[in-house]
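K.L.:
Just to be clear, the model below is a prediction. Sequence and coordinates:
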Amino acid sequence: MPPPSSTPIGYGSGYSRRRNWHSDPGGAERQARLTCLDLTFDGERATPQVNADGAAPVLVVGGTGDPTTPYPGARHMARALGDGVGVLLTAEEEGHGTYPQNRCVTETVDRRLRTGRTPAPGTVCPGSMS
């Protein structure tokens, strides 16, 4: 970790607020909200083609109450990837960062990473973060 007085190249003024999130109860939630808050980038905002017909299944995790990456975006991404490719895992949660905080999401994602198995279409994980 850089010394407190330095800010890494590419990080905005919010870096010092984010540095020690792990020592603060509830800090993970704040960290998730602030991670990209002050980062800037050049370039166009474009909507690329994401259709991946014929690719291996891609697990897309979406939280129904996520203010940072809203659930409709996850649904759209899963559909845009194509039939049999985009597999949506729905987490009935408020807040951002269901992995690793929601047990069902964590087990499902970990199983996908370990075995390559995706959940059945329409799988919903009940809320458990609060």
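P.N.:
Yes, it's here. Numbering: from 1, shown residues only.
K.L.:
only C-alpha atoms for contact and neighbour calcs from this point on.
P.N.:
Fine.
K.L.:
For residue 98, give me its contacts.
P.N.:
63, 91, 105, 106, 129 (CA atoms under 8 Å, 6 or more residues apart in numbering).
K.L.:
One more: residue 122?
P.N.:
So residue 122 contacts 88, 89, 90 (CA under 8 Å, 6+ apart).
K.L.:
Can you tell me the SS state at it?
P.N.:
Taking DSSP: H, G, I helix; E, B strand; the rest coil as the rule, one finds residue 122 in the coil state.
K.L.:
Report the buried members of the contacts of residue 98.
P.N.:
Of the members of the contacts of residue 98, the ones counted as buried by neighbours, 16 or more other CA atoms under 10 Å, are 63, 91, 105.
K.L.:
Mind checking what secondary structure the second one has?
P.N.:
In other words, residue 91. strand.
K.L.:
Ok, the last one next?
P.N.:
Following three-state DSSP, residue 105 is assigned to helix.
K.L.:
Which single one of the contacts of residue 98 is nearest to residue 113?
P.N.:
residue 106 (10.5 Å; CA to CA).
K.L.:
Just the pLDDT for the closest one.
P.N.:
The per-residue pLDDT reported for residue 106 equals 96.
K.L.:
same check, this time on residue 8
P.N.:
For residue 8, the model assigns a pLDDT of 46.
K.L.:
likewise residue 65?
P.N.:
Residue 65 is given a pLDDT of 94.
K.L.:
Now do the residue lying closest to it once chain neighbours are set aside against residue 103, distance only.
P.N.:
Leaving aside its sequence neighbours, residue 65 sits nearest to residue 94 (CA to CA, 6 or more residues apart in numbering; 4.1 Å). Residue 94 is 14 Å from residue 103, where distance means CA to CA, to the nearest Å.
K.L.:
How about residue 57?
P.N.:
In terms of CA to CA, residue 57 sits 22 Å off from residue 103.
K.L.:
quick one, helices of the chain?
P.N.:
Along the chain, counting by DSSP state H, helices occupy 15-19, 27-34, 71-81, 98-101, 103-115.
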